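Trainee: Task: produce atomic coordinates for the following.
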Amino acid sequence: MARWEPLDLADCAADPMAQFARWFDEGGEMADREAVALVTATPAGHPSVRMVLLRLVDAAGVGWYTNYESRKGLELAANPHAAILWYCEPRGRQVRFEGAVAPLPASASDAYFAQRPRGHQIGAWASHQSQVQAARADLEARVARLEERFAAGAVPRPPHWGGYRLTPARVEFFQQRPDRLHDRVVYQRAGASWQLARLDP
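Mentor: Residues are numbered from 1 along each chain as shown. All right, here's what the predicted structure looks like:
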């Protein structure tokens, strides 16, 4: 495959999640193809962005896991809409998702948490994510106490930690081309179906 393979409407699946699954599968040479930029915003429209890892890609959307009391969690509670950017540098591709966000069911969060490494599980309990840290030693002391607390068995999922799903209303596929004459295809939700259109670069 050429580094910059053209993208035309005729090449695109009818559903954006099927198209993304195709590109995601083709991104196997990436160092970390699950890494995405997640943008949330306050109700007043002040945005913040950070990298998270996609842990869910299915027909309904994309998902990730985090601390509900983190900055992104609090912003999503107040303004349950977000944008995600997936970037595949080796193939000159970007995919942008925009849509509503809702927590995943507790059962899904429980199942995912149970398969995480034990250190990650302890860390989810210990971290007061996004809060001011007085000293690193305080965090390390909480970790030590939690390791003792859960020494006898499995670590349960903390109530303040779990997953989210973004259900897209708009998805844009960007394919890099020479001379900045890039290909851009946008999917816009139209009831139960999708409308596709090309955009100028």
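Trainee: SS state for G28?
Mentor: When states are read from DSSP: H, G, I helix; E, B strand; the rest coil, the local structure at G28 comes out as coil.
Trainee: and it, how many neighbours does it have?
Mentor: 8 (other CB atoms under 10 Å). To be clear about C-beta, it is placed using only N, CA and C from the backbone, and glycine gets the same treatment.
Trainee: Phi first, then psi, for the residue nearest to the spatial centre of the chain.
Mentor: For the chain, the residue nearest the mean C-alpha position is L54 (4.3 Å; CA atoms, centre = their mean). Main-chain torsions, L54, degrees, to the nearest 10: phi -70, psi 120.
Trainee: isn't it right next to L85, touching?
Mentor: No: with the criterion set as CB atoms under 8 Å, L54 and L85 do not qualify as a contacting pair; they are 11.4 Å apart.
Trainee: okay, and the common contacts of those two?
Mentor: When contacts are counted by CB atoms under 8 Å, 6 or more residues apart in numbering, L54 and L85 are jointly contacted by V36.
Trainee: Need the single longest helix in this protein, by residues.
Mentor: For the chain, the longest helix by residue count, based on DSSP state H, is helix 136-149.
Trainee: before we move on, back to that, can you get me a residue count around the nearest residue to the residue nearest to the centre of the chain once chain neighbours are set aside?
Mentor: Closest residue to L54 in three dimensions, ignoring its sequence neighbours and counting by CB to CB, 6 or more residues apart in numbering: E34, at 4.6 Å. Using other CB under 10 Å, E34 has 14 other residues around it.
Trainee: list the contacts for A197?
Mentor: Under the criterion of CB under 8 Å, 6+ apart, the contact partners of A197 comprise V185, V186, Q188.
Trainee: filter those to the buried ones?
Mentor: V185, V186 (16 or more other CB atoms under 10 Å).
Trainee: Could you dump the contacts of A197 into TSV with distance to A13 added?
Mentor: As requested, these are exported to TSV (distance: CB to CB, whole Å):
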residue	distance to A13
V185	11
V186	14
Q188	15
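Trainee: closest to R96 among the contacts of A197?
Mentor: Using CB to CB, V186 comes nearest to R96 of these, at 8.8 Å.
Trainee: these two touch, right, the closest one and R170?
Mentor: Yes: counting by CB under 8 Å, R170 is a contact partner of V186 at 6.7 Å.
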